[in-house]
Structure formats: structure tokens, C-alpha cells
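**Q** mind looking at a prediction? Sequence and model below.
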Amino acid sequence: MLESWLFGFLKGAGMVLLHPLFYISFVMCLVIGVLRIKREREDFHTRVEDLYLELKFLLPAGLLLGLIGSILSILAGIVIPEAAIILIAILSLIGTGSLRLRSLSPAYMIGIPFFILMLLHGKSFNLPFFKTAFNSIDHSIYPAVALLCGLLIVIEGILIARSGYKKTSPKLIPSKRGSIVGAHLANRIWLVPLFLLIPGGKLSSPFEWWPVFHMGGIEFTPILVPFLIGFTQQIQGMLPKDSIRMNGRRVIGLGVIIILAAIAGYWYPYAAVIAAAAAVLGRESLHLYQKHQERKLPFYFSRREQGLMVLGIIPGSPAAKMGLSAGEVITKVNGVKARNESEFYEALQRNAAHCKLDVLDNNSEIRYVQRVLYEGEHHELGILFVQEYKRKREAV
């Protein structure tokens, strides 16, 4: 029995290689990377991170949480109909094509197919490939779909809170008064593969050959389904780490509420409908609430009287090796007060072989950093400042 289960799950894992989202996710990461670099060059005449930044976040965290989620879904006996998997895949493909990463939240990618399944219930279809998938929709599957939605929303929140704030991209934006201020943009795509159980003796064409196993006299097909989770957030009133972690905790809370409502749906069917509606409306409300709260706050990355606000640090640069970080304020350079970029680099040139900075850190405490500067290192230390005006793009 155990060998049969292991064999079925190992073969089921191969399904992920047949799913178009698995390959599209890599392409999408590269496209987002190209757009990010283009914007950074327009703002700062240099890129901050390399083209493969988004790819580096695509798999590691998602694989671990996908494993945990798979164990929980199998232990909970969550059985998802093939029609739901097909609808989720179609909607995800549409979402990736639009490049609107936040539309890839499980709240939308599973919540919307939930209501489509309700509309299709009891109707007959003769589709060319999936002939039986949409002709066997039963109302008993609704709590399972809502439960899967809640589980993935919790995973989304954990991913946002744990890695959404890392290596955000600095940018320049206009304030309401027309001056230039700084902001940070987080764009993330995570691939979360989940093992799901599909009811019935076989999948519809063209996958009838897929392995099947039995449990309690009922036939199930295990498959590994890749879920794309997208996240976008612009931060302008707080440090990225604080703002994004707070947002992630709110999303986790929403996911827990959806799970509890979905569980109640096994006894009270309307609770599952409420759970799916709360997922879509709740996630959209959290997005609007976060934007509203951000706009109420004064701009964090703006010019300061004490000195120069650090908007970003180029990896591998002298500034990165000195331990500088976004949000800190440089008050003095080699003992000379610096109020703008011109004064900063004039003071730096007084001793081209050595750099000593007085820095007001993110805890409002003064610290001192210094470093010997070597020939051939980045001539501007690798610090991105909030500028008085946005630079014009240079001619190629």
C-alpha cells in the first residue's frame, strides 16, 4: 500500500513539468527584471540589482512552503476537482500575460474560479480536451476549493512577511508639491507547487494514463500543481521592511479567517461561499487599505535638514561594504557637513583614498563608518540619493 502511494506521488510530481505556468514563471521573472532595470537606469543612470533578481526569489521559499502545504492538504483530505485546476491555470495564464503581479494572489486566482464553478454546476459541456472535467462538478467540492484558497493566502502572507521586503527597488517619484522624493517598489513572483488529490479513476484527455490509487474504496489521482503567487507594493512612508512585514501579517490573518469559514462550509454550505467572497473582497480591501495608509504618511525618503538621505545601495559597491543601508542619513563626509550631492562629493575628493562618514542610522543614532578607497572602485561609492530633480535619460 505504502509503495503504491509513493509511486503514485512520484509520478504525480511529473505533472508540474507539463504545466505551462512552470515555464512561463521563469520568462515572467526575466521580463519583470528587464522592466525594473530600465526604470532604475532612467532614474539613476545605473541598475541596482542584476537581471536575475526576481528569479532568485521564484523557487526557494515557495518550495519549502509548498511542501508544508502539501502535507497539510493531504492530511486534511482536501480533494480538488479537475475543473477547478483547469480554471485556476487559465486565470493564472491571463494574470501573467497582464504583468499585474498582485492579480496573481490566490484570493483572486482561486476565489474567482470558485464562483465560475458555481455558475457551471449542473450544465453540460463538450470540450475538445477536457470532456469530463466540467460535466462532473458537484456542490460538495465547494468547501475544499475555499479551504485551498485560505491555505494559499496564508502561504502568500508568509512569503510577503519573510521575503517580500528583501532587495526592494528604489525609485524616484514626484510629490504633491512637485518636488522629487524617493520610494521603494517590491515586485515578487513565487512558485508554490502543491500536491493535490483529484477525484475519480483518471484524468480527462489527454492525461488518462496518469497513475491512480485507492483510499477507502475511492479512487484518487495525485498531481503536483504549480501555483504562481504575485506581489506588488510601493513603499513611500515607511522603511520597506516595516511596511511589507505589516502587510504580510494582515494577509496571514485574512487567510486564517478564510480557512475557518471554509471548514464551517463542510457543515453549512453557504459558509464556503462566504469564505470565497471574503477572500476576493478581503484581499482587495487590504490592498486599498495599505495604499491609503501609505499616502497618509509623510514621505520617508525625502530631503532632510540633517544631511543626505540614502535611498539605495548598489550591491558590491564600497558603500555596501561599509554597511550602509536605505533610510540612513549621511550628515558628514570626512568631517565636513554635506547637505546635497555636490557637497558630498566635494568633501569626498578632499581625501580620495579614504572615506569617513557620520551616519544617522534607522534607530536615530549616530554611527561612524570609514573605509580605504581603492583605485578602480565605484567612483560614487554606490550610494543612491534622493535627488533635487529627476535626471533626464541620457542619449544612447
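**A** Alright, I've got the coordinates. Numbers count the residues shown, from 1 in each chain.

**Q** what distance do you get for the spatially closest residue to residue 19 that is not a sequence neighbour to residue 94?
**A** Closest residue to residue 19 apart from its sequence neighbours, by Cβ to Cβ, 6 or more residues apart in numbering: residue 226 at 5.3 Å. Every residue, glycine included, has its C-beta placed from N, CA and C. Going from residue 226 to residue 94 by Cβ to Cβ, to the nearest Å gives 16 Å.

**Q** rewinding a little: contacting residues around the residue nearest to residue 19?
**A** Shown in contact with residue 226 (Cβ atoms under 8 Å, 6 or more residues apart in numbering): 16, 19, 21, 22, 25, 191, 192, 193.

**Q** how is the chain partitioned into domains?
**A** 2-296, 308-385 (automatic domain parsing).

**Q** related to what we said a few turns ago, which helix or which strand is home to the residue nearest to residue 19?
**A** strand 218-235 (DSSP states H and E).

**Q** endpoints of stretch 36-52, how far apart?
**A** When the termini of stretch 36-52 are compared using Cα to Cα, to the nearest Å, they are 11 Å apart.

**Q** now that stretch: how far from the chain's centre is it?
**A** 19 Å (Cα atoms, centre = their mean, to the nearest Å).

**Q** residue 99: neighbour count?
**A** For residue 99, the count of nearby residues is 14 (other Cβ atoms under 10 Å).

**Q** in the protein, which helix is the longest?
**A** helix 269-296 (DSSP state H).

**Q** and it, what does it pack against?
**A** For helix 269-296, the packing partners by 3 or more Cβ pairs under 8 Å, 6 or more residues apart in numbering; DSSP states H and E come out as helix 106-120, helix 142-163, strand 218-235, helix 240-264.

**Q** closest one to residue 100 among those?
**A** In terms of Cβ to Cβ, the element of the helices and strands packed on helix 269-296 nearest to residue 100 is strand 218-235, at 7.7 Å.

**Q** strand partners of the closest one, parallel vs antiparallel please.
**A** strand 180-199 (antiparallel), strand 213-215 (antiparallel) (DSSP bridges).

**Q** for those, which has the smallest mean pLDDT value?
**A** In terms of mean pLDDT, the lowest-scoring of the strands paired with strand 218-235 is strand 213-215 (a mean of 48).

**Q** picking that back up, and the longest helix of the chain, which residues are buried?
**A** 271-276, 278-280, 282-283, 286-287, 290, 294 (16 or more other Cβ atoms under 10 Å).

**Q** just stretch 88-95 next, same as before
**A** Under the neighbour-count criterion of 16+ other Cβ under 10 Å, stretch 88-95 has 88, 89, 91, 92, 95 buried.

**Q** wait, the last one touches residue 104, no?
**A** Yes: A contact is recorded between residue 95 and residue 104 when judged using Cβ atoms under 8 Å, the distance being 4.8 Å.

**Q** overlap in contacts of the two?
**A** With contacts defined as Cβ under 8 Å, 6+ apart, the residues shared by residue 95 and residue 104 are 228, 230.

**Q** and residue 177, how far from residue 303?
**A** For residue 177, the distance to residue 303 - Cβ to Cβ - is 12 Å.
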